[in-house]
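Trainee: Provided below for reference: sequence and predicted model.
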Protein chains: 2
Amino acid sequence: MAESRWTQSMLLDFYGELLTEKQRECFDLHYNEDLSLSEIAEQLGISRQGVWDNIRRAESAMLEFEEKTGLIRRAERTKRALETIRKQAEEIGTLTRGRAHDIARDILDEIEGLEE
Amino acid sequence: MAESRWTQSMLLDFYGELLTEKQRECFDLHYNEDLSLSEIAEQLGISRQGVWDNIRRAESAMLEFEEKTGLIRRAERTKRALETIRKQAEEIGTLTRGRAHDIARDILDEIEGLEE
């Protein structure tokens, strides 16, 4: 693993579709919907231990995907660069008028478009 | 699959580490090193058919990873945005002097840094 610890929702966003449906469901209900193990067990009609096993296996599989591919790490690096560029474009916007100012605005729009 | 066809080397770059070692090796030697099936078979000490099966399974597994996660598609979208921003920063560079010009230069450096 790298310097930072990936959040559960980031792992699910990147690798959730590689899990079994049950693993994804348990993991999502627990970490994103904040349901307790008992609540998930009741909702899915499986044992509390079964829910826990699915969550643990899901997390371990996703951490392994990240360890092998480094794709979240890579995306995070790009995200930090875009955040830097956003600030730089904002500063250009305050320093310029006319065409250069408009282009700085376009850069900000381009970055915003990526977040949708 | 999406609008564009992912190149073999892009698939390997993103998902290669999720393959078995043999699959990755066969795929890499065939598509990146441009070796023939017979050459790979000889080098790895397996049958020509075995090489072919590994390549086919590797490709099918990686296409499935991409179909499920869309991570190459996502990265390509970011790459296109960065290419647009690069052109915009270059244009600002030609239109400005002083501080705004320097910051436009910094944006280009930031984008270049991501490509290393």
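Mentor: Thanks, I have the structure now.
Trainee: which helix is the longest one in chain A?
Mentor: Ranked by number of residues, the top helix in chain A under DSSP state H is helix A:71-95.
Trainee: Output the contacting helices and strands for it.
Mentor: Here helix A:71-95 touches helix A:8-15, helix A:48-69, helix A:98-114, helix B:71-95, helix B:98-114, going by 3 or more C-beta pairs under 8 Å, 6 or more residues apart in numbering or on different chains; DSSP states H and E. C-beta coordinates here come from the backbone N, C-alpha and C atoms, glycine included.
Trainee: need the residues of chain A near chain B, please.
Mentor: Residues of chain A found near chain B (C-beta under 8 Å from any C-beta of the partner chain) are A:14-15, A:17-18, A:65, A:68-69, A:71, A:74-75, A:77-78, A:81-82, A:84-85, A:88-89, A:91-92, A:95-96, A:99-100, A:103-104, A:106-107, A:110-111, A:113-114.
Trainee: hmm, which of those residues are the buried ones?
Mentor: Neighbour counting by 16 or more other C-beta atoms under 10 Å in any protein chain shown classes A:14-15, A:17-18, A:65, A:69, A:71, A:75, A:78, A:81-82, A:85, A:88-89, A:92, A:95-96, A:100, A:103-104, A:107, A:110-111, A:114 among the residues of chain A next to chain B as buried.
Trainee: re the thing from before, between the longest helix of chain A and helix B:8-15, how big is the angle?
Mentor: When axes from the mean of the first three to the mean of the last three C-alpha atoms, to 10 degrees is applied, the directions of helix A:71-95 and helix B:8-15 differ by 100 degrees.
Trainee: So chain A: which segments form each domain?
Mentor: The record's domain parsing of chain A by automatic domain parsing lists A:8-69, A:76-114.
Trainee: Assign A:E33 to helix, strand or coil.
Mentor: coil (DSSP: H, G, I helix; E, B strand; the rest coil).
Trainee: for it, phi and psi?
Mentor: phi -90, psi -10 (degrees, to the nearest 10).
Trainee: ok, it to chain B distance?
Mentor: Going from A:E33 to chain B by C-beta to the nearest C-beta, to the nearest Å gives 21 Å.
Trainee: ok, now A:E115?
Mentor: Note on A:E115: its distance to chain B, by C-beta to the nearest C-beta, is 10 Å.
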